[in-house]
Structures are given as C-alpha cells and as structure tokens.
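**Student:** can you look at this prediction? I've put the sequence above it.
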Amino acid sequence: MKCINCKTKMKEKLVEHKEFGVSLGKFPAMTCSKCGERFYGLAAVDKIQAASKKAGLFGKVSRVKAAKIGNSIAIRVPKEIAEFVHLKPGMDVVIHPESGKMIVEVV
C-alpha cells in the first residue's frame, strides 16, 4: 500500500492513538515513514471507538454558532463538554490563539 499523500510505501506498525490529548492505547495501522499518515483497519477502528467511549471522549465534538454581544463575540459551551472539563459559571478561562486556532483552557 502506498501513502495517498506522498506515495511512499506504508508499513504496518503499532501506533499510539490520542483523542483530545488523551492516549487511548496502541493500535495497528498502516503508517507512512515519510509523512506520518496513518490508516487504521476496521478492527482497529472498532477498538479505538470502544476505548474512546470507555474514556468518555466519544461524541465530545460540537459545532456551535458564535454570537455578537456588544463589541465581543460569545460562544456557547455545550453542557456535555462543560461537564467533561469541569467548567462552571463564573470560572475563569484562558483564551489564546495557536496556529490559527483558538485554544480555551479552564483554569
């Protein structure tokens, strides 16, 4: 199998899989030694999904609309995500840009 990005021959390896910075373990994947692209087989995907559910990470992605409040932009945090990161009303958060993205950290 060749990598779809750089056409380098891929090899099967055990690789660590992370979601939201949390390691779910090592799983077999076809891996490109040049660009690092990975492809997991169906059995590995099923195991990753089970590990994600067990860790409470599965389904923790939400798309929300930004709203304008005065001269500021407000973003609502869904209840499931707020509970997962232990965010409560009145708590401080730190917001900063990183590589073209907005990072929000509960402090």
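**Tutor:** Perfect, thanks for sending it.

**Student:** which stretches of this protein form helices?
**Tutor:** Assigned by DSSP state H, the chain shows helices spanning 42-54, 79-84.

**Student:** tabulate the ones you listed in CSV, adding columns for distance to Glu16.
**Tutor:** In this view, the C-beta of every residue, glycine as well, is placed from N, C-alpha and C. Listed next are the helices of the chain as CSV, based on distance: least, CB to CB, whole Å:
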stretch, distance to Glu16
helix 42-54, 11
helix 79-84, 21
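
**Student:** make TSV from those and add distance to Lys65 and mean neighbour count to it.
**Tutor:** Converted to TSV, those look like this (distance: least, CB to CB, whole Å; neighbours: other CB atoms under 10 Å):
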stretch	distance to Lys65	mean neighbour count
helix 42-54	26	14
helix 79-84	15	12
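
**Student:** which stretch in those has the least confidence?
**Tutor:** Looking at those, the lowest mean pLDDT belongs to helix 79-84 (a mean of 90).

**Student:** before we move on, back to that, between the helices of the chain, which one is closest to Lys101.
**Tutor:** Within these, the stretch nearest Lys101 is helix 79-84; the backing value is 16.0 Å (CB to CB).

**Student:** how far does stretch 56-72 stretch from one end to the other?
**Tutor:** 32 Å (CA to CA, to the nearest Å).
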